[in-house]
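>>> let me see the structure of the following:
(chains A and B)
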Amino acid sequence: AQKVTQAQTEISVVEKEDVTLDCVYETRDTTYYLFWYKQPPSGELVFLIRRNSFDEQNEISGRYSWNFQKSTSSFNFTITASQVVDSAVYFCALRLLSGYSTLTFGKGTMLLVSP
Amino acid sequence: DTAVSQTPKYLVTQMGNDKSIKCEQNLGHDTMYWYKQDSKKFLKIMFSYNNKELIINETVPNRFSPKSPDKAHLNLHINSLELGDSAVYFCASSQVANPWDTQYFGPGTRLTVL
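Sure, this is the predicted structure:
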């Protein structure tokens, strides 16, 4: 069975600091998909990125970047120069290719960015 | 225009009552889902429908019954509400049931059972 671990329950930083949110996953499948979602205080779930297991290229989108390392089964998320609006709970999720698999979420990391 | 909408946003009710939560998506997607987020923020899939057909039914009490009148709607009916049903319920949709398809979530419905 698959599993996603976000070991950091809560992180507090001061604005403009860089912060990395860790995500480690477990699966025996070779084909799978990884996702990050953001849940701001308003409560909705916002899709951030999707990555498939064959694409280990890192991705940068503005202040956000993602580092996918298959060797360590990690898909970490870095926010550069954090801002107060980045305060949210961030979820990493995994979905397998096989059958009607479900999206398995980690427990989330709450990021608090103070001014 | 909201892509995935849910009504109501908040629902407060007494134990033992029956209630429904409605979900609609205007993205033209074939697949819809219900998730439950507990008080510790843990998100878990409950059901998935593809073109009005149930394809995923996790171990959910049969007091919970999803209904999909058409592929743009997936409603969740809960009978005999219990205290432990208090949670935020999220509806989501994806283009098809493929694992690589991104799921887009609704704003959530916060259910409080007193």
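>>> so residue 25 bridges to which residues?
Here I'm looking at chain A. As for beta bridges, A:Tyr25 partners with A:Val4 under DSSP bridges.
>>> not what I meant, chain B
With DSSP bridges as the rule, B:Gln25 is bridged to B:Val4.
>>> pick out the residue nearest the middle of chain B.
Residue closest to the mean C-alpha point of chain B, counted by C-alpha atoms, centre = their mean, is B:Trp34 at 3.0 Å.
>>> so in chain B, where's the weakest helix or strand by average pLDDT?
Within chain B, confidence by mean pLDDT, DSSP states H and E is lowest for strand B:53-57 among all helices and strands, at a mean of 86.
>>> elements contacting that one?
strand B:43-50, strand B:64-70 (3 or more C-beta pairs under 8 Å, 6 or more residues apart in numbering or on different chains; DSSP states H and E). Yep, even glycine has a C-beta here, placed from its N, CA and C like the rest.
>>> what about 10 Å?
Contact analysis of strand B:53-57 by 3 or more C-beta pairs under 10 Å, 6 or more residues apart in numbering or on different chains; DSSP states H and E lists strand B:31-37, strand B:43-50, strand B:64-70 as its packing neighbours.
>>> I'd like to know which of those is closest to chain A.
Proximity to chain A (C-beta to the nearest C-beta) singles out strand B:43-50 among the helices and strands packed on strand B:53-57, at 4.3 Å.
>>> I'd guessed A:Tyr33 sits against A:Cys92; true?
No - contact status for A:Tyr33 versus A:Cys92: not in contact, 11.6 Å apart, counting by C-beta atoms under 10 Å.
>>> more neighbours: which of those two?
A direct count of neighbours by other C-beta atoms under 10 Å in any protein chain shown for A:Tyr33 and A:Cys92 places A:Cys92 higher, at 28 against 21.
>>> and that one, how far from chain B?
11 Å (C-beta to the nearest C-beta, to the nearest Å).
>>> low-confidence ranges, the chain, go.
Unless you meant another one, I'm taking chain A. In the predicted model, chain A carries pLDDT under 70 at residues A:99-100.
>>> try again with chain B
Within chain B, the stretches with pLDDT under 70 are B:1-2.
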